[in-house]
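Q: predicted model and sequence below, questions to follow.
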Amino acid sequence: MPMPMPMRGPRVPWWQREGVISRVLAVAGVGVTLVGVLMLLVLAAQAGFFGPVARVIAGAAFSVVLVGIGWRVFGRPGGRVGGIAMVATGIAGLYLDAVAVTGYYRWVPVGVGLAVALVVALVGVGIAVRWQSQPLAVGVVVGAAILSPALTTELLLLGFLVVLQSAGVPVQLRRDWPVLHVVRTLPVVLAVLGMAALSGLEGAISGEQAHQRQGLLVAAIAGAVVGLVGALLAVRRRPGDITASITIALTALPVLATATLFDRVVSASVTAVLAAVLLGLAATTLIPRRPTEGSAPVRPARHTALVAGLTGAVALLQTCTMATGGHPRLLPTTLFAVALAFLAVAAASRTRVAAGLGLAFALLGGLVMLAIATPETLALQRLAVAGLDVATAVAAVVGLGVAAMVAWTVPRLPRCDDPALVTGVWIAVSIAGLYYVLVAAVSLGVSSGGADGFIIGHSLATIVWMVVATGSLFYGLRRLASSPAVAKVCLVSGLLVAAAALAKLFLFDLATLSGLVRVIAFLAVGILLLLTGTRYARAFAEVAPSRQGS
């Protein structure tokens, strides 16, 4: 007999569940009390109430009393929620007091104010660690971060937000508190991004605005350093802390955004340093582990290296864009060079992430090249003369190197030796190679300055296409008996390139080329076709008896 289903008790309404109402009331009390402290520090001054010194002292005294009461309440039965709420309110109030005397009243130097704020924040998170309460640490950070802009909206605000971010680093070394990771990082990230957006919308830049942008960059770099160091320390203690790795990318965003506010040299330098640091961190996972390293993980976790590598690649892309901003035709060459570097690392280390980054940069370089050397530009002489030069020729040659590197690297990656995948890669590489040969030939032709440079370039491209097709077919026929899989790839690619050469010869060259140039193109392609056809027939004739004998 089937077992009877256990009877479920009546569902308890949410407002009757243990701890729900107390937590809601505690959160509301924290918010209302902190707003009251803020009104005491600021709004009372606008209303003409008792003097600034009395307001600051009253705010500090009130916050200290809240901390003391919360400390006592926490140790009593049922007093955990109330104690945490009171202490969080008191610590956040003291932090706002430090912000007020530094940024609003300007009574103390900035360094002293930031130091006092750091001590207050460390006390708050220290109590949270002692009580093992993530909500307490989160309450301190959130309360101080949300209400600090009401006391100072200048660059000093970013300093206090960086202090809050820094105060959470020691906590992350002892506790796995992902929410604290996020709330201590987001305020400074959002503040810098917002200020950078407003600064970017401004027109003419004055001396004060230039100073503000420099301060934004310093704050962004400080936040990135704190985020990176904190994440590395946390992951070293807990290799599975993915939230810590994500904060690396979050804190890098303000640096990338703020760098765009400066000229090309400064912007490219900042993003290049960021890319070098992050990619260097990611590259440490490629270093072979030594037996003497012991059991403690010296290298970052794989997810940390992955986040650092992807973020560093974005920074490197921005560096390429900024560095070539005045010379857009140099951008494809730069992107292709980066792609070659990533693909070389992937080939040496057999790392698919590096290969993926290399393919991404290769694709971006190809798209930029396609935007510069469009099919219409390659087909019309006047557009080719105006839009192509030696820079596009160099980019096309480097692109050919990237295509060859892709064909070499992909089959050597783990789990990427599937014949269908290899064939697809070779076909894609062949198509890209045809395009780059055409761009290089036409660019060199029009750059020579001769009247027939455009025509000679197209003729040379057709002949090179057919030479490459012949070489691929000959190599495939030589490997027909020993390596049928390699032969298949080479033969398919060679036939496709030969078909493309013939199509171009009859559809474009016949109508565009003239005189001796057209004759040379047809003779060269025809002779290569005859040689290829003869070798093709002989190769299969030699293979047939061996197959029959076997």
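A: Now that the structure is in, tell me what you want to look at. All of these numbers come straight from a predicted model, not from anything done at the bench.

Q: C-alpha only now, for contacts and for neighbours.
A: Fine.

Q: any low-confidence regions in the stretch 401-550 of the chain?
A: 450-451, 481, 513-515, 536-537, 539-550 (pLDDT under 70).

Q: rerun that using 90 as the cut-off
A: 407-408, 410-431, 434, 445-550 (pLDDT under 90).

Q: likewise the stretch 251-400 of the chain?
A: Using pLDDT under 90, the stretch 251-400 of the chain drops low at 261-264, 283-303, 324-329, 347-352, 379-382, 385-387.

Q: now do the helices in it.
A: 264-283, 302-323, 331-349, 352-372, 375-379, 381-387, 390-409 (DSSP state H, counting those that start in this stretch).

Q: which strands and helices sit next to the second one?
A: In terms of contacts (3 or more Cα pairs under 8 Å, 6 or more residues apart in numbering; DSSP states H and E), helix 302-323 is packed against helix 242-259, helix 264-283, helix 331-349, helix 352-372.

Q: buried stuff in the second one?
A: Okay, so that is helix 264-283. 264, 267-268, 270-272, 274-279, 281-283 (16 or more other Cα atoms under 10 Å).

Q: can I get the helices of the stretch 251-400 of the chain in CSV with distance to Pro170?
A: Compiled in CSV, these are given as follows (distance: least, Cα to Cα, whole Å):
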stretch, distance to Pro170
helix 264-283, 22
helix 302-323, 19
helix 331-349, 35
helix 352-372, 32
helix 375-379, 58
helix 381-387, 57
helix 390-409, 43
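
Q: what about those, which gets the closest to Gly82?
A: Nearest to Gly82 among the helices of the stretch 251-400 of the chain is helix 302-323 (37.7 Å), distances taken as Cα to Cα.

Q: angle of the closest one against helix 264-283?
A: Going by axes from the mean of the first three to the mean of the last three Cα atoms, to 10 degrees, helix 302-323 is angled at 160 degrees with respect to helix 264-283.

Q: the helices and strands packed on helix 302-323: which one's closest to Gly309?
A: That would be helix 264-283 among the helices and strands packed on helix 302-323, by Cα to Cα, at 5.1 Å.

Q: out of the buried residues of helix 264-283, which comes closest to Leu380?
A: Using Cα to Cα, the buried residues of helix 264-283 come closest to Leu380 at Arg264, 33.9 Å.

Q: how near is that closest one to Leu331?
A: Taking Cα to Cα, to the nearest Å as the measure, Arg264 falls 14 Å from Leu331.

Q: repeat that for Glu376.
A: Taking Cα to Cα, one finds Glu376 at 20 Å from Leu331.

Q: again, but for Thr185
A: The gap separating Thr185 from Leu331 is 34 Å, by Cα to Cα.

Q: can you redo the helices and strands packed on helix 302-323 as JSON lines with distance to Gln209?
A: Shown next, in JSON lines, are these (distance: least, Cα to Cα, whole Å):
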{"stretch": "helix 242-259", "distance to Gln209": "13"}
{"stretch": "helix 264-283", "distance to Gln209": "16"}
{"stretch": "helix 331-349", "distance to Gln209": "31"}
{"stretch": "helix 352-372", "distance to Gln209": "34"}
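
Q: and for the closest residue to Leu232 other than its chain neighbours, the neighbour number?
A: Spatial nearest neighbour of Leu232, excluding adjacent residues (Cα to Cα, 6 or more residues apart in numbering): Pro300 at 6.9 Å. By the criterion of other Cα atoms under 10 Å, Pro300 has 22 neighbours.

Q: list the contacts for Pro300?
A: For Pro300, the contact set (Cα atoms under 8 Å, 6 or more residues apart in numbering) comprises Leu232, Val235, Arg236, Pro239, Leu281, Thr284, Thr285.

Q: in contact with the fifth one, which residues are there?
A: Going by Cα under 8 Å, 6+ apart, Leu281 touches Pro300, Ala305, Ala308, Gly309.
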